[in-house]
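Chemist: Quick one, fold the following:
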Amino acid sequence: MKLSIISTALLVSSASAFAPSLNARTTSTTSLNLFGGKKAGGDDKGGPMAGMGGMMDQLAMFKKAQEIAKKKQEIDQEIAKMEIIGNAADGKIKVTVQYIPAQLPTNPAPGYDATGVDIDEEYLKEVSSEDLSTALVDALRDAETSATAVVAEKYQALDKELSGILGGMQGAAAPEE
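Modeler: Numbering: from 1, shown residues only. Got it, this is the predicted structure:
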């Protein structure tokens, strides 16, 4: 008899571990706030868009990013129309280059295209082929250096706008001046 009472007590106590508790019920809620949710210190009153705080901020940032992308495209077109000249051999060799904007995604890096070479005829008559080759390379490097400087100058305004957007984001580096 003792064995049956002990086994029944064990069975009842172990069965209660798997049964739901009726009097100790806990609830938890999770607030995701995927689009920012309620602002700190604010309330949800104030119109049909009141609960959309963070989403509206993201939409404004998206519109600003589109404006910057459009400005970048305009700057790229302006630079692409420019003819940038590099010199060598005291100006006796001139190489003209044009900026080629990045063509995403096929060619993500911008480049330069040599569109013209002008060599002084008197210099051409008296120069050796090795010196001419060196001078042409120097003129091409000078043109690319000048083109890079032009691009950097044109992009400075765009960089300031972009750092203004990123300045409000956590972890964004402050622009160096």
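
Chemist: all contacts plus neighbour counts: C-alpha atoms, from now on.
Modeler: Noted.

Chemist: tell me the mean pLDDT over stretch 110-119?
Modeler: Stretch 110-119 shows a mean pLDDT of 92.

Chemist: buried sites along it?
Modeler: Using 16 or more other Cα atoms under 10 Å as the test for burial, stretch 110-119 gives 111, 112, 114, 117, 119.

Chemist: is the residue nearest to residue 83 when sequence neighbours are not counted in a bridge, and if so with what?
Modeler: Distances taken as Cα to Cα, 6 or more residues apart in numbering place residue 98 nearest to residue 83, at 5.5 Å, with adjacent residues excluded. Here residue 98 sits in beta bridges with residue 113, going by DSSP bridges.

Chemist: can you give me the strands in this structure?
Modeler: If DSSP state E is used as the criterion, the strands of the chain fall at 84-88, 93-100, 111-119.

Chemist: could I get the ones you listed as TSV with distance to residue 66?
Modeler: Compiled in TSV, the strands of the chain are given as follows (distance: least, Cα to Cα, whole Å):
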stretch	distance to residue 66
strand 84-88	29
strand 93-100	21
strand 111-119	24
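
Chemist: Quick one: closest of those to residue 134.
Modeler: strand 84-88 (9.2 Å; Cα to Cα).

Chemist: Let me see the residues that make contact with that closest one.
Modeler: With contacts defined as Cα atoms under 8 Å, 6 or more residues apart in numbering, strand 84-88 is touched by 93-98, 135-136, 138-144, 146-147.

Chemist: let's go with 7 Å and repeat that
Modeler: Outside strand 84-88, the residues that touch it by Cα atoms under 7 Å, 6 or more residues apart in numbering are 93-98, 135, 138-140, 142-143, 146-147.
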